[in-house]
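> here's my sequence, what's the structure:
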Amino acid sequence: MTLIQADSVTKSYRVGEVSVPAIRGVSFRVEAGSLAAFIGPSGSGKTTLLNMVGCLDRPDGGTLQVLDTDLSELSRLARAEFRGDHLGFIFQDFNLLPVLTAYENVEYPLVVVKPVPPAERRERVMSVLESVGIAEHAGKYPDQLSGGQKQRIAVARALVTRPRLVLADEPTANLDSATARSIIELMREMRDRYETTFVFSTHDTRIVDAVEVIFELADGAIAQTRRQGAAA
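Predicted structure coming up:
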């Protein structure tokens, strides 16, 4: 099943009086259950593309479909609802709320974004915390956790709404090599356990080696698509 389908997608930004193209006629597809990555140097367009797939921005032209929904046709409110219903996000700087415990950070989307009853909330939060191996730290605050523990909390928060697609923007950028590899392995395990799809924006070769589909971007266009077996 094709989860993401892009056809001739374009995106430009205004810089003063000048229109600067960020994405130039990009076409690609991602199958459900994949581990895929947009790679390329800074300014190549990988984060812009990830933001459009994540309904945080919209294309200027072309067609971008996620779960058979044309994102370019959605209003701002409809894009927010689509994000809450189907997408999870992981960021390089974790984006945890410092005044909330690990448990409360993971619970937050189930209170604000996709509300569920309290009893189900607790069951889902504790289940995903156990899945990522961090349940014993549920009562700690972010400043009491290591970088790897924070990213595990971020992974748990992304998965707690049971999304079909998780988008990860440079998720290992602030982690040392050993921790980064453990987080990459964790996300592979979570892909299999929760039957979700992970799409990364990265220049980290550790992620590149672990994913199955690579879209290499240069100057806003896909220069190369590579498919490979996931690393062990």
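> where does the protein have low pLDDT?
For the chain, the stretches flagged by pLDDT under 70 are 230-232.
> strands of that one, start to end?
2-15, 18-31, 35-39, 61-66, 69-70, 87-91, 165-169, 197-202, 213-218, 221-227 (DSSP state E).
> got the ones you listed as a markdown table, with mean neighbour count and distance to Asn105 columns?
Quick note: C-beta positions are derived from backbone N, CA and C, even for glycine. Shown next, in a markdown table, are those (neighbours: other CB atoms under 10 Å; distance: least, CB to CB, whole Å):
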| stretch | mean neighbour count | distance to Asn105 |
| --- | --- | --- |
| strand 2-15 | 16 | 27 |
| strand 18-31 | 16 | 28 |
| strand 35-39 | 23 | 24 |
| strand 61-66 | 18 | 26 |
| strand 69-70 | 14 | 28 |
| strand 87-91 | 22 | 13 |
| strand 165-169 | 23 | 16 |
| strand 197-202 | 25 | 20 |
| strand 213-218 | 20 | 30 |
| strand 221-227 | 14 | 35 |
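> could you pick out the longest helix of the protein?
Longest helix in the chain by number of residues (criterion: DSSP state H): helix 177-194.
> buried stuff in that helix?
By 16 or more other CB atoms under 10 Å, the buried positions in helix 177-194 come out as 179-184, 186-188, 190-191, 194.
> cool, and stretch 123-131?
Within stretch 123-131, the residues scored as buried using 16+ other CB under 10 Å are 124-125, 128-129, 131.
> could I have the CA atoms of it written out in CSV?
C-alpha atoms of stretch 123-131 as CSV (Å, rounded to 0.1, in the frame of the first residue of the first chain):
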residue,chain,number,x,y,z
GLU,A,123,-3.1,2.4,29.8
ARG,A,124,-1.8,3.8,26.5
VAL,A,125,0.9,6.0,28.1
MET,A,126,2.3,3.3,30.3
SER,A,127,2.2,0.7,27.5
VAL,A,128,4.2,2.9,25.2
LEU,A,129,6.6,4.0,27.9
GLU,A,130,7.3,0.3,28.6
SER,A,131,7.7,-0.3,24.9
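> can you pull the contacts of Leu96?
When contacts are counted by CB atoms under 8 Å, 6 or more residues apart in numbering, Leu96 touches 102, 105, 142, 150, 153-154, 157.
> do Ile183 as well
Residues near Ile183 by CB under 8 Å, 6+ apart: 148, 151-152, 155, 171-172, 175.
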